[in-house]
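**Q** I'd like to go over a predicted model; first the sequence, then the structure.
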Amino acid sequence: MGDDMVQRLIDIEDLKQLKARYWRYLDTKDWESWGGLLADDFHFEVDGHVFDGGRDVASGISQALADAVTVHQGHVSEITITGPETASGIWSFSDWVEHPAQGDGPPSGFKGHGHYHDEYVRTADGWKITRSVVTRLRVDVLEGGRPALDDRHWSQP
């Protein structure tokens, strides 16, 4: 096996580890570590909304999910090394997002299934995510509804 193939396999494993940390940090609300995985020019599209800038995205998502219980599970990945310092990946995933009940009502949120379409760049600090576009194939809304996007919550598409 040539050196190029070995490096390619190392890079693919590094990208798998990066995405595993992405979901773990997100679910455990380790926002500083989560933001550290994002490039400064990170671009994020989810549920019809667009967010830009690694720090701004991390700050906004931390506020949106501050009171939520989340569970993200990444499944299989398709990773392509696109250049010496770049890569792309498609990840199937499932997520559960539940905000506490307001008053006497039931919790709000949803369970979703779909794909993350990611792009990556190698930096001096290792691989970073430069772009994530979330496409959902199915969304099951909890009894309390899917929360509206304001300063803290997702919106209905």
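**A** Sure thing, it's come through.

**Q** Next, count neighbours for E119.
**A** Counted with other Cβ atoms under 10 Å, residues neighbouring E119 total 18. Placement of C-beta: from N, CA and C, glycine included.

**Q** Secondary structure element for it, which one?
**A** Secondary structure assigned from DSSP states H and E places E119 in strand 108-123.

**Q** Show me how far that strand is from its chain's centre.
**A** Offset of strand 108-123 from its chain centre (Cα atoms, centre = their mean, to the nearest Å): 4 Å.

**Q** just stretch 43-57 next, same as before
**A** 10 Å.

**Q** List the buried residues in it.
**A** Using 16 or more other Cβ atoms under 10 Å as the test for burial, stretch 43-57 gives H43, F44, V46, D47, F51, G53, G54, V57.

**Q** Quick one: residues contacting the first one.
**A** I take that to be H43. Each residue near H43 by Cβ atoms under 8 Å, 6 or more residues apart in numbering is listed here: V50, F51, D52, T130, R131, S132.

**Q** which SSE is it in?
**A** Per DSSP H and E: strand 38-46 holds H43.

**Q** pLDDT of that strand, averaged?
**A** Mean pLDDT, strand 38-46: 96.

**Q** cool, and stretch 97-117?
**A** On average, stretch 97-117 scores 93.

**Q** mean confidence for the helix or strand where M5 lies?
**A** Using DSSP H and E, M5 maps to helix 3-27. Helix 3-27 shows a mean pLDDT of 96.

**Q** what lines up beside the strand holding E119 in the sheet?
**A** strand 86-99 (antiparallel), strand 126-141 (antiparallel) (DSSP bridges).

**Q** Among those, show me which one is buried the most.
**A** Sort these by mean neighbour count, taking mean count of other Cβ atoms under 10 Å, and strand 86-99 sits at the top with a mean of 19.

**Q** thought S33 was touching W23?
**A** No: assessed by Cβ atoms under 8 Å, S33 is found out of contact with W23, at 11.9 Å.
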